[in-house]
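Student: Show me the folded form of this:
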Amino acid sequence: MPFGINETMGQYSELFMLLAAGTYTVAFIAFAWDLAKSSKALRAVDLKAAQAGAATKVPVAAGVGAGSAGARLDGPADRAERPSSSAAKAGDAGAGGVVTADGDMKYATERRVPARVAVALTTLAVLIHGAGVVTRALGAGRVPWGNMYEFLTTGAFLVAAVFLLSLIRRDLRFLGTFVVGLVIIMLVAASVAFWTPVGHLVPALQSYWLVIHVSIAVLSSALFTLTFAMSALQLVQSHRQKTVAAGGADKLGFMRLVPSALSLENLSYRINAIAFIGWTFTLMFGAIWAEKAWGRFWGWDTKEVWTFVIWVVYAGYLHARATRGWTGTRAAWLSIVGYLCVIFNFTIVNQFFNGLHSYSGL
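Tutor: Numbering: from 1, shown residues only. This next block holds a predicted model:
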């Protein structure tokens, strides 16, 4: 028996969502500020190192001993000048002690104030966002993922929450601009394109399988969102590393805060493996729920087909990388294709394809 609708709670939820979106926006600016400030600091260090390197070459021309010159040219200033150093150790501590995330993405000792401010703001935004999700649930008298609006707002909350939880063990603050940016886009899309007033579910969705099936789907989608951001950064970092290694100019200084393309790929692969397991259960539990609701496990409904397509793409990604040697940019592109399938399934399929799932908005 469904609980009564509390429209006041629904209005509070919308207010919390608006406040969360505003706070996320400020956090986004802070993360961007961190990248810009760190990039500027790194460029200043490189310029100073280049000047110091040029100064050490003058005494050599004046007849300073070769041993002394060799010692000087092997010092920190000279190492900072070498383009291949930043390419090979992208994401490691930069020249002159400027702190960045290393290949293991561990925290360094030096503090980045803008990044700390950004994380604090993101934490505040997640708390406000969580209040919006809870009040939506209280207003509807059920779990808050019964339509596209609720799925998207809850999904955005989990994306931000998972990102914050990952910061406990790994310095992934370089992802902040991209992850928080995606969260903002999700909240704006939910409010503008998919807004739905608080209300009851249709009878077929009034089942405990809604809690099991959709909650796993939302969490898996949140993890896929993180790996999408990592894969996109991997492509940019890979291109940058190749450019610098070939002697080209480093036009993306902020990417020195990002670990190497290989480090991003390895972490993305691990997270995708976890998310794939979740998506497998999403597919299985959806089939069980379909049998209870419609009397069959599989009916080639458009939503069912695309859920399976997503599973196949990520299964192919994991298999190709683990056994066929599909590493580097090919693996990154396959991961991105998988996430684009998730987006297509949620937007195009839900809006433009008729089927048994159409009424649910899921």
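
Student: Could you name the specific helix or strand carrying the closest residue to residue 316 other than its chain neighbours?
Tutor: Counting by Cβ to Cβ, 6 or more residues apart in numbering, residue 316 lies nearest to residue 334, which is 6.9 Å off, once chain neighbours are set aside. The way it works is simple: take the backbone N, C-alpha and C, and place the C-beta from them, glycine included. In this structure, residue 334 sits in helix 329-344 according to DSSP states H and E.

Student: Tell me the helix or strand right after that helix.
Tutor: Sequence-wise, the next helix or strand downstream of helix 329-344 (DSSP H and E) is helix 350-352.

Student: what's residue 196 sitting at in phi/psi?
Tutor: phi -140, psi 130 (degrees, to the nearest 10).

Student: Please give me every residue in contact with it.
Tutor: 147, 148, 149, 150, 361 (Cβ atoms under 8 Å, 6 or more residues apart in numbering).

Student: Flag whichever of these scores worst on pLDDT.
Tutor: Within the set of the contacts of residue 196, pLDDT is lowest for residue 361 (51).

Student: got the contact list for the spatially most central residue of the chain?
Tutor: Centroid check for the chain by Cα atoms, centre = their mean gives residue 226 as the closest residue, at 2.7 Å. For residue 226, the contact set (Cβ under 8 Å, 6+ apart) comprises 159, 162, 163, 166, 175, 179, 271.

Student: Name the member of those with the most neighbours.
Tutor: With neighbours taken as other Cβ atoms under 10 Å, the top of those is residue 179, carrying 27 neighbours.

Student: helix, strand or coil for the spatially closest residue to that one that is not a sequence neighbour?
Tutor: Distances taken as Cβ to Cβ, 6+ apart place residue 163 nearest to residue 179, at 4.8 Å, with adjacent residues excluded. Of the three states, residue 163 takes helix under DSSP: H, G, I helix; E, B strand; the rest coil.

Student: Kindly provide the distance from residue 163 to residue 271.
Tutor: 11 Å (Cβ to Cβ, to the nearest Å).

Student: re the thing from before, show me which residues of whatever helix or strand the residue nearest to the centre of the chain lives in are buried.
Tutor: Assignment of secondary structure by DSSP H and E places residue 226 within helix 208-245. Neighbour-count burial for helix 208-245 flags 209-210, 212-235, 237-238, 240-241, 243-244 (criterion: 16 or more other Cβ atoms under 10 Å).

Student: do stretch 304-321 as well
Tutor: 304, 305, 306, 307, 309, 310, 311, 313, 314, 317, 318, 321.

Student: In helices, which of these appear?
Tutor: 304, 305, 306, 307, 309, 310, 311, 313, 314, 317, 318, 321 (DSSP state H).

Student: any low-confidence regions in the stretch 251-362 of the chain?
Tutor: Regions of the stretch 251-362 of the chain meeting the criterion pLDDT under 70 cover residues 353-362.

Student: which of the contacts of residue 196 has the most neighbours?
Tutor: Neighbour counts for those peak at residue 150, which has 26 neighbours (criterion: other Cβ under 10 Å).

Student: Now do the helices in the chain.
Tutor: Using DSSP H, helices in the chain cover 7-61, 66-73, 76-81, 83-88, 113-140, 148-166, 176-192, 208-245, 261-294, 302-323, 329-344, 350-352.

Student: got JSON lines for those helices, with distance to residue 198 too?
Tutor: Below are the helices of the chain laid out as JSON lines (distance: least, Cβ to Cβ, whole Å):
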{"stretch": "helix 7-61", "distance to residue 198": "3"}
{"stretch": "helix 66-73", "distance to residue 198": "69"}
{"stretch": "helix 76-81", "distance to residue 198": "58"}
{"stretch": "helix 83-88", "distance to residue 198": "52"}
{"stretch": "helix 113-140", "distance to residue 198": "4"}
{"stretch": "helix 148-166", "distance to residue 198": "9"}
{"stretch": "helix 176-192", "distance to residue 198": "13"}
{"stretch": "helix 208-245", "distance to residue 198": "16"}
{"stretch": "helix 261-294", "distance to residue 198": "23"}
{"stretch": "helix 302-323", "distance to residue 198": "24"}
{"stretch": "helix 329-344", "distance to residue 198": "25"}
{"stretch": "helix 350-352", "distance to residue 198": "19"}
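
Student: Which among those helices is found nearest to residue 199?
Tutor: Of all the helices of the chain, helix 113-140 sits nearest to residue 199, with 6.8 Å by Cβ to Cβ.
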